[in-house]
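Student: next come a sequence and a model predicted from it.
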Amino acid sequence: MRSLGAGRVALDMVGETVTIAGWVHRRRDLGGLIFLDVRDRSGLVQASAGPGWTAAGAMDAVRALGPEDVIRVRGIVQPRPEEARRPEMATGEIEIQVIELELLNRARTPTIPVYRAPEEELPSEKLRLRHRVLDLRRAELQESLALRHRLALETRNFFHGHGFLDIETPILTKPTPEGARDFLVPSRVHSGEFFALPQSPQLYKQLLMIAGFDRYMQIARCFRDEDLRADRQPEFTQIDVEASFVEPEDIYRWCEGLVARLAPLAGAVAEPPFARMSWDEAMERYGSDRPDLRWTLDIHDRSEVLGALDFRLLRGAVARGERIRTLQLEGGARLSRREIAALEGAARGAGAPGLLWAKILEDRATGPLGRFFRDDTRARLGLASGDLLLAAAGPDRITSPALDAVRAAAISALAIPPSTRHAWAWVTRFPVFEDVGDGALAANHHPFVQPDPADMHLLDSAPLSVRGLAYDLVYNGTELGSGSIRIHDAALQRRILAMLGLGADEIETKFGFLLDALGTGAPPHGGIALGVDRIAARFAGASSLRDVIAFPKTTAARALFEGAPTAVADEDLAALGISLRGRRDGGASG
RNA sequence: GGGGCUGUAGCUCAGUUUGGUUAGAGUGCCGGUCUGUCACACCGGAGGCCGCGGGUUCGAGUCCCGUCAGCCCCGCCA
């Protein structure tokens, strides 16, 4: 139907007759001479129609074209006149002189424009999602989805090259008590019973290890029925990896090798080995388990110096066993009161009661904290004239997130240049448990993380101090992946589940199949899952996952194009043995 | 579940602070002129449930209450 893509027409084809097919991107009608930009996935090319080379009938057809009409053009590749060349465009040196034009399909005037003038705003996201086929025709989204394809292809090739098998796991699975809410799927055959869509293939990949598959990978769709964010969709895609007889180092090596091959596909850089940092160190130095290491600015514990000042608030904090932690900003004294107040606002927004500060001037220190400085305070803190000291006092669970937020705000306010553009890091040794109050424990990650053997003696006495063989891959402050070595011992797995508050019966009902499998001779194993949507969004420079997903959901978890979810007919529910409680919307449709 | 922002022509937005005659602009669309345009240019025209419902008022795009939708955030979620 066509001889090549519109964007592939090139200068060395001058004189050739070509046939292209695509959409009318734009038409410029000069009267006797008409120019068309013809677009397909490969790009744009200008077609010109004029009486010297285009028959009268074709001329009329060109005159009648509107945007997004689908056409086929046969013509001769010609160089443009000298003064009409556009070297900045891929096909700007040439044009196709129209001999023949066929209208393949008429388009109604697009509700939202595909063509966009320079600096013209995008239509609202609501309309972009409702008219997604038009939005997807834009070069940016075409390129984002093409990037996703290249990432997926390279990923499969990489793991294939390392002996991994791509194995599919079920979409209809067993509801899990832990973690996120499940999407439930009613079983018609077993009325009153439900499948769940997988939150991840976690248990299946462990079962595959136990079954002896050694090295598994899958680009897997995952589902979590939780509220959305710009970086969270109810269905998302993971590069899911698991291997047997491995240690964390093996996983790091594979992931670093993978990322080093993926990054160049998007013009990013990843140079292994990546930085390593324990969770404790990340929280201590950056207040976050996913620190943005493009900036080296870090947090210091200044309890000793600041707690000794005649400042009741700080003395009290230290007396309670709390700490005073600071960020010291070189040149930060140039910030205005208003700008510093914005930093304080960042701290408050993250849950801190406030933020203390001191401006270091030539001969003195000012501000609510600077007023209390002693003669030697400045020297003991290593502060220089022009610096700004920001301090937060309190328990770490308050000061860490607050200083993390302040750090980001300060970097932005002072326009501190990053020391690198691509900061990759492993954050390791996450706590196995988190405190959910009243002495109850929850799994910090999931209940299958292998506790560090060195911490095993703390399991009963100080479970919150137990670190796991768990690790996150962090890129520029975004968590792109998360994994761990798993528990392969049935007794330990049972013990951990019990610590999480599950009764013996519940453990058997919910996890009996796993424990049973572990008892059949499970190899030591571990793995990781990398977020494809996040990787693609980061690499494509997209601010939202929606820009790297063909048909994403809105923040209210709706699909605007096709209109899902939707009510269903009563008879369909009846067949599933389901009746709805209370009112329901009228628009039931089968 | 909670907080914030937004909703006016097909699209992008003014107008809402301080209620007042006929709600504007750009672009797109329709018609016309135009042989080197590429945001073509020029002339003319059509196009509005001011998200929806209620209230206050002589009078509501504008004020109040409710509601729906989109986006951002907290909770939630790795």
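Tutor: On my side now, so go ahead.
Student: doesn't residue A:484 lie inside a strand?
Tutor: Yes. Under DSSP: H, G, I helix; E, B strand; the rest coil, residue A:484 falls within a strand.
Student: and it, what's its pLDDT?
Tutor: Note on residue A:484: pLDDT of 97.
Student: that one contacts residue A:470, doesn't it?
Tutor: Yes. Taking C-beta atoms under 8 Å as the definition, residue A:484 is a contact partner of residue A:470 at 3.8 Å. The C-beta positions use only the backbone N, C-alpha and C, and glycine is treated the same way.
Student: list the residues that are in contact with both of the two.
Tutor: Here residue A:484 and residue A:470 share the contacting residues A:430, A:445, A:449, scored by C-beta atoms under 8 Å, 6 or more residues apart in numbering.
Student: who wins for most neighbours among those residues?
Tutor: Neighbour tally across the shared contacts of residue A:484 and residue A:470 (other C-beta atoms under 10 Å): the maximum, 25 neighbours, falls on residue A:449.
Student: quick check: beta-bridge partners of that residue?
Tutor: residue A:486 (DSSP bridges).
Student: what sits against residue A:178?
Tutor: Contacts of residue A:178 by C-beta under 8 Å, 6+ apart are A:443, A:446-447, A:500.
Student: hmm, which two among those residues are most spread apart?
Tutor: Across those, the longest distance by C-beta to C-beta is 10.2 Å; it joins A:446 and A:500.
Student: just to revisit the earlier point, quick one: least confident of the shared contacts of residue A:484 and residue A:470?
Tutor: Out of the shared contacts of residue A:484 and residue A:470, that is residue A:445, at 90.
Student: what helix or strand is that one located in?
Tutor: Using DSSP states H and E, residue A:445 sits within no helix or strand.
Student: for it, which non-adjacent residue is closest in space?
Tutor: Ranked by C-beta to C-beta, 6 or more residues apart in numbering and with sequence neighbours excluded, the top spatial neighbour of residue A:445 is residue A:470, at 5.5 Å.
Student: the one you found: neighbouring residues, count only.
Tutor: The burial count for residue A:470: 27, using other C-beta under 10 Å.
Student: same check on residue A:329?
Tutor: The number of residues near residue A:329, taken as other C-beta under 10 Å, comes to 26.
Student: mind checking how far the nearest residue to it once chain neighbours are set aside is from residue A:400?
Tutor: Once flanking residues are discounted, residue A:329 sits nearest to residue A:388: 4.4 Å by C-beta to C-beta, 6+ apart. Separation of residue A:388 from residue A:400 (C-beta to C-beta, to the nearest Å): 20 Å.
Student: these two - which one has more neighbours?
Tutor: Taking neighbours as other C-beta under 10 Å, residue A:388 and residue A:400 compare with residue A:388 leading, 26 against 23.
Student: which residues are in contact with that one?
Tutor: If you count contacts by C-beta under 8 Å, 6+ apart, residue A:388 has them with A:328-329, A:331-333, A:335, A:340, A:357-360.
Student: reformat the shared contacts of residue A:484 and residue A:470 as JSON lines; add distance to RNA strand B.
Tutor: Converted to JSON lines, the shared contacts of residue A:484 and residue A:470 look like this (distance: C-beta to the nearest atom of the strand, whole Å):
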{"residue": "A:430", "distance to RNA strand B": "6"}
{"residue": "A:445", "distance to RNA strand B": "4"}
{"residue": "A:449", "distance to RNA strand B": "9"}
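Student: give the buried residues for the helix or strand of chain A with the lowest mean pLDDT.
Tutor: The least trusted helix or strand in chain A, going by mean pLDDT, DSSP states H and E, turns out to be helix A:337-349, with a mean of 88. The neighbour-count check on helix A:337-349 (16 or more other C-beta atoms under 10 Å) flags A:340, A:342-344, A:346-347 as buried.
Student: same for that helix, what does it pack against?
Tutor: Under the contact definition 3 or more C-beta pairs under 8 Å, 6 or more residues apart in numbering; DSSP states H and E, helix A:337-349 sits against strand A:356-360, strand A:388-394, helix A:396-413.
Student: kindly reformat those as CSV containing mean pLDDT.
Tutor: Converted to CSV, these look like this (pLDDT from 0 to 100):
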stretch, mean pLDDT
strand A:356-360, 95
strand A:388-394, 95
helix A:396-413, 92
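Student: could you redo the ones you listed as a markdown table and give each row distance to RNA strand B?
Tutor: Below are the helices and strands packed on helix A:337-349 laid out as a markdown table (distance: least, C-beta to the nearest atom of the strand, whole Å):
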| stretch | distance to RNA strand B |
| --- | --- |
| strand A:356-360 | 23 |
| strand A:388-394 | 16 |
| helix A:396-413 | 8 |
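Student: residue A:428: what's it in contact with?
Tutor: Residues near residue A:428 by C-beta under 8 Å, 6+ apart: A:248, A:276-279, A:470-471.
Student: name the SS class of residue A:108, please.
Tutor: Under three-state DSSP, residue A:108 falls in the coil class.
Student: that one and residue A:63, how far apart?
Tutor: For residue A:108, the distance to residue A:63 equals 18 Å [C-beta to C-beta].
Student: of these two, which one has the most company?
Tutor: Set residue A:108 next to residue A:63 and count neighbours by other C-beta under 10 Å: residue A:63 wins out with 12 against 9.
Student: now find how far off-centre the host helix or strand of residue A:425 is within its chain.
Tutor: Assigned by DSSP H and E, residue A:425 belongs to strand A:424-428. In terms of C-alpha atoms, centre = their mean, to the nearest Å, the centre of strand A:424-428 is found 16 Å from the chain centre.
Student: please name the strands paired to that strand in the sheet, noting orientation.
Tutor: strand A:275-278 (parallel), strand A:470-475 (antiparallel).
Student: wait, which of those is closest to residue A:10?
Tutor: With C-beta to C-beta as the criterion, residue A:10 lies closest to strand A:470-475 of these, at 36.7 Å.
Student: what average pLDDT does that closest one get?
Tutor: 97.
Student: do stretch A:158-168 as well
Tutor: On average, stretch A:158-168 scores 98.
Student: need the contact partners of that stretch.
Tutor: The contact list for stretch A:158-168, computed with C-beta under 8 Å, 6+ apart, reads A:156, A:208, A:213-219, A:241, A:243, A:254, A:257-258, A:261.
Student: and what of stretch A:530-541?
Tutor: Contacts with stretch A:530-541, where a contact means C-beta under 8 Å, 6+ apart, come from A:143-144, A:147-148, A:151-152, A:219, A:231, A:233, A:236-239, A:241, A:255, A:258, A:262-263, A:265-268, A:473, A:475-476, A:478-481, A:542-545, A:547-549.
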